[in-house]
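A.B. asks: got a sequence here, can you build the structure:
(chains A, B, C and D)
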4 protein chains.
Amino acid sequence: MTHKPDIIRIAQAIFTVSDLNASREFYVDLLGMNVLHEENNALYLRGVEDREWTLKLEQCGEGETPRVRHLGYRVRDEAALDALVGLADEQKLPHRWEEELDRPRMLRMQDPFGIPVVFYHDVKTHPWLLQEYHQHRGPGLQRVDHCNVRVPDVKATLDWYCAELGFRVSEYTVDEQGGYWAAWIQRRGGVHDFALTNGAGPCLHHWAYWMPDAMSIIKTCDILAGARMPERIERGPGRHGVSNAFFLYIRDPDGHRIELYTSDYITVDPDFEPIRWLRDDPRRQTLWGAKTPRSWFEEASPMEAFGGGIQEAKEGPLTGIPVHVI
Amino acid sequence: MTHKPDIIRIAQAIFTVSDLNASREFYVDLLGMNVLHEENNALYLRGVEDREWTLKLEQCGEGETPRVRHLGYRVRDEAALDALVGLADEQKLPHRWEEELDRPRMLRMQDPFGIPVVFYHDVKTHPWLLQEYHQHRGPGLQRVDHCNVRVPDVKATLDWYCAELGFRVSEYTVDEQGGYWAAWIQRRGGVHDFALTNGAGPCLHHWAYWMPDAMSIIKTCDILAGARMPERIERGPGRHGVSNAFFLYIRDPDGHRIELYTSDYITVDPDFEPIRWLRDDPRRQTLWGAKTPRSWFEEASPMEAFGGGIQEAKEGPLTGIPVHVI
Amino acid sequence: MTHKPDIIRIAQAIFTVSDLNASREFYVDLLGMNVLHEENNALYLRGVEDREWTLKLEQCGEGETPRVRHLGYRVRDEAALDALVGLADEQKLPHRWEEELDRPRMLRMQDPFGIPVVFYHDVKTHPWLLQEYHQHRGPGLQRVDHCNVRVPDVKATLDWYCAELGFRVSEYTVDEQGGYWAAWIQRRGGVHDFALTNGAGPCLHHWAYWMPDAMSIIKTCDILAGARMPERIERGPGRHGVSNAFFLYIRDPDGHRIELYTSDYITVDPDFEPIRWLRDDPRRQTLWGAKTPRSWFEEASPMEAFGGGIQEAKEGPLTGIPVHVI
Amino acid sequence: MTHKPDIIRIAQAIFTVSDLNASREFYVDLLGMNVLHEENNALYLRGVEDREWTLKLEQCGEGETPRVRHLGYRVRDEAALDALVGLADEQKLPHRWEEELDRPRMLRMQDPFGIPVVFYHDVKTHPWLLQEYHQHRGPGLQRVDHCNVRVPDVKATLDWYCAELGFRVSEYTVDEQGGYWAAWIQRRGGVHDFALTNGAGPCLHHWAYWMPDAMSIIKTCDILAGARMPERIERGPGRHGVSNAFFLYIRDPDGHRIELYTSDYITVDPDFEPIRWLRDDPRRQTLWGAKTPRSWFEEASPMEAFGGGIQEAKEGPLTGIPVHVI
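C.D. replies: Model prediction:
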């Protein structure tokens, strides 16, 4: 393979949910996400800057465990898809062509770590809502920002994404022995399209939207509190040491974790030096020193295996969690 | 009369409007005001902190000019109403008893300057929406803050309100000859319940709501722009030199002017010294030096005369407008 | 006594500190408080809206425990001071006249619960810094807002302040047996000048400043984190259920607790009904459901006894702390 | 030439100023820019996220007109510089090698339109101040965002930058006859690194910094007003229709115009369709409909010619200015 496939950015995810009405209340009525399209068993959602759907919610079958069906990246052109097929063939990665609403040609692949990813170039876009401020509701989620996956071997995973897909590291965390405990990698010139966190996996740790400012994140807390759902607020608001972002983590009715995120920095310079953090530096998780709830480390969404069913979550060599936990 | 009537605060206004549906779109759909009660020809609105309606909109009759039917103050007790009747009798001010939704006993009076005011103590309150954040819409108007009336003789008007109703001056503006050009007077311990501006009158210059913060005021601009109604934004956002408030002036479909206002200061100290401004100090109108549109000085809402019809607007001795105008 | 003494508002406090330089770094360099006057062993500080000093820091003697020397209220006139002397005489409360910078005549009294309070009317004020924005530093503390004292008998304390000093209750908390666990009482028309929390006392729980907006509170967290002092941030930022305020609790180098506070509501109506909360309602402490660190309940500043030395902190009948604690 | 030179982003500018002390007061004391290095006749400034200096101010000689000495772009590698030399040779563009603090090898070129630009790859970076929040002063300018140059032929200029340097158009404005009146072009994946505005030129219209949020822009207005310099505020704050950014334009003591800018959108998608505006659409300049001061169209900073002296500003074929002007 002569060229790396040119990945543009993280672009979409599909979650299955146990009660689509409950999910609608959470994502649409409270978070104010915008319904681009609706079917009997599915909602296609987007933020106000998104020109395409960025989160699809599917009603899962009776007794099925809610899961992440895939994470999706936009690529530069069809040649990038060809290169990805070449990579999949070469590395014997399971793959197939799929289609979805507005995306007639998506390459689904299971990466070497079991993460279900799709890649697409062709997409039908829609007028955005960015300047339709009178139609914004709730806190006004703006655009998809990144995904974070819990994996048993952070180093191996990030190495593969950097070597094969051209990702670049913006920040990373090591434990006392120098083992990679987390990493933030990017294609788009921001802090990350994709983050990796140590733990049993692959599981989706969270799916993140960019917010217009910190106050819109605070408004989200107020809205969830007003709706008598303070338990949906898991962590934050706060300032991450990593990424410098102002953040909030919330949990949807099935426990899928959503991060609302704003105010990071740019990483376009070719000699940008990745920022290194020690796992137990109190300023790393929250610059302000706030501790993290244990659930944030212990809970994550299962991912769909290529052949169907749930991908088994495997433990890796690094154990334990950071010390600043409650 | 031995005691001054104990006025608590500015509390309500009634506007007549030429098209109640257009007004509803403006106040409810765009500004997000909350409908407390609705009748065939009227809407009773409130902010999220208001425990009672604070703005009533009435459909006016065919060919009638939209107007302000009255401005209303809450008083401490029934004794205050008795004192007000005593004052009206003594000064031969037209007055009568009226009732309104949730307010069974309101004293309507025409003050010596022709301003239609009502006073009430007894009111049925309702649970507020302050912490029902999931129900807040638009920029989230919080509570009635003050009214501003254009009058031909600012000094005489403020003197009467201070002498007879116990108002206190927080700030005032004089022209080069020392003539009173504007004044801000209060009962509640903030900057003002009532402001007076020089010009033909009595006319309502504006009716103001307190906003949770400056960003909610900026959001209002975005919402009106999104709805393709930028012409509803007349002045601001900006910081007043007077009052130090962050402000925005918008015009409803009939031209009634609404101020959205936040972040002033407290005036409870007994020796608070009124702040004096020169009319043409560039920092007075807008601390940032921005000029004021001419319409802001020249347009205002007519007020209802005691016997019905419109109160004639009379010119006073001070003419001209401030120099920082566009 | 025929008239209650007319208390205007909470106005000042004096803290002793073990290292005035460390305190200066915290209050002046990081919080950006403004030095109104400085002496060899003392700093007189104020917020940008304060026209007088509102917090005095005194270097305490070798081996002395840092403490609160007094909490001070402004009263309407000298007659109010006379009335307070009458009250002190009648109830045999220790009292004496003192003077301080800009305040030549302060009545110091030990209230029936051992809290050292001073009252004054005469004060020399100074031009404020409210519109001297180019001189604001750090997060821009605006004005003194309230104090909170931990006492063993909340009900008895609030009853005395209401009956003798004319305070009014805005909110209160009861435990499952209906015992008063906390109360917020006011003179100024806001949520509180004075709050009472159950526990060993009297001890100062916290001293609070009003902030211009929520973002200035978030900025405080960033500043303390930047200075590598995240441990000074004890609780928050968050939204209180009680008071609806956006808050942050920080600890000075001696552990004195400062609250930064914004966005509550007005309470001037004569029939304002106090809001009742259950102690263990998760939305009470933090509307968003966040738990409170144990230190927030267990630590407080000792208060000076009338004759000198530290007032002994006594336990009361209600034991335990709220369940939402970490 | 087989490859286009890989431009990363706009990176720096050099202004000459008539009084370095007055400029220091403006940029350092009021705007809070950070001094990275200082010499007798020059200040090297940066925002808190900048890892290198991004604005150099040089004292100009007696009687010299303050000007823009150059605008600078960072390129990916030395090969990009070689390609630029090839382009300059091929198109006979004046060019030479220069060096500056921390940048030993800069290629200075005069583009075909007379704009003085430099390109560099090698740079010594410095630890940023992004998380040193306790050291942030004033409104906290974050990082260089873009430059805007007034040129007599917008279309020709943008075509050259797109064809030769690989810029992409994010938005553009046409007049009623379809003539290009303005354009926003980018390399970095945001709205713009470089904007072009119709008028006599080449002249620098403005140099822009990214701000952390809208409130920091409002704070800038307050600071300039506090310092009794409201006349330094030329336009805004407001929301641009173009770019959707929240903006403020201020003028330094020599009239160089600085934009403070936040909250635009991302443009990384390969099929991003440029947004087209009509010149006289009232929502284009300010989404809220606010008019623009005439000075904003008529005043701009001269640029240095390659051989020294001032580049003559030439008029182009499109005349007039937008109608929404005051």
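
A.B. asks: now do the same contact list for the closest residue to A:Asp281 other than its chain neighbours.
C.D. replies: Nearest non-adjacent residue to A:Asp281, counting by C-beta to C-beta, 6 or more residues apart in numbering or on different chains: A:Gly241, 7.1 Å away. Any C-beta I mention is one placed from the backbone N, CA and C, and that applies to glycine too. A:Gly241 makes contact with A:277, A:281, A:283-287, D:131, according to C-beta atoms under 8 Å, 6 or more residues apart in numbering or on different chains.

A.B. asks: do you know the pLDDT at A:Gly241?
C.D. replies: A:Gly241 is assigned a pLDDT of 95 by the prediction.

A.B. asks: please tell me how far it sits from A:Phe297.
C.D. replies: The spacing between A:Gly241 and A:Phe297, counted by C-beta to C-beta, to the nearest Å, is 16 Å.

A.B. asks: please, where are all the strands along the stretch 1-150 of chain A?
C.D. replies: A:7-17, A:34-39, A:42-46, A:55-59, A:68-75, A:95-100, A:103-110, A:116-120, A:143-151 (DSSP state E, counting those that start in this stretch).

A.B. asks: those strands: which one's closest to C:Ile321?
C.D. replies: Nearest to C:Ile321 among these is strand A:143-151; the distance by C-beta to C-beta comes to 34.9 Å.

A.B. asks: alpha carbons of the next helix or strand after that closest one, in CSV - could you do that?
C.D. replies: Next along the chain after strand A:143-151, taking DSSP states H and E as the criterion, comes helix A:154-165. What follows is helix A:154-165 as a C-alpha-only set of coordinates in CSV (Å, rounded to 0.1, in the frame of the first residue of the first chain):
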residue,chain,number,x,y,z
VAL,A,154,-3.8,1.5,24.6
LYS,A,155,-0.3,1.5,23.1
ALA,A,156,-1.0,-1.2,20.5
THR,A,157,-4.3,0.5,19.5
LEU,A,158,-2.8,4.0,19.1
ASP,A,159,0.2,2.6,17.2
TRP,A,160,-2.0,0.9,14.7
TYR,A,161,-4.2,4.0,14.2
CYS,A,162,-1.2,6.2,13.7
ALA,A,163,0.7,3.8,11.5
GLU,A,164,-2.1,2.6,9.3
LEU,A,165,-4.6,5.5,9.4
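
A.B. asks: may I see the buried residues of the helix or strand that helix A:154-165 is followed by?
C.D. replies: Going down the chain from helix A:154-165, the next helix or strand is strand A:168-174, by DSSP H and E. Residues of strand A:168-174 classed as buried: A:168-174 (neighbour count, 16 or more other C-beta atoms under 10 Å in any protein chain shown).

A.B. asks: how about the residues you listed in TSV, adding pLDDT?
C.D. replies: Below are those laid out as TSV (pLDDT from 0 to 100):
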residue	pLDDT
A:Arg168	98
A:Val169	98
A:Ser170	98
A:Glu171	98
A:Tyr172	98
A:Thr173	97
A:Val174	96
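
A.B. asks: which one of those is nearest to chain C?
C.D. replies: A:Glu171 (16.6 Å; C-beta to the nearest C-beta).

A.B. asks: give the bridge partners for that closest one, please.
C.D. replies: A:Trp184, A:Ile275 (DSSP bridges).

A.B. asks: isn't it up against A:Ser243?
C.D. replies: Yes: if you go by C-beta atoms under 8 Å, A:Glu171 and A:Ser243 touch, sitting 6.5 Å apart.

A.B. asks: can you pull the residues that touch both of the two?
C.D. replies: Joint contacts of A:Glu171 and A:Ser243 (C-beta under 8 Å, 6+ apart) are A:184, A:191.

A.B. asks: what's around A:Gln177, how many residues?
C.D. replies: 8 (other C-beta atoms under 10 Å in any protein chain shown).
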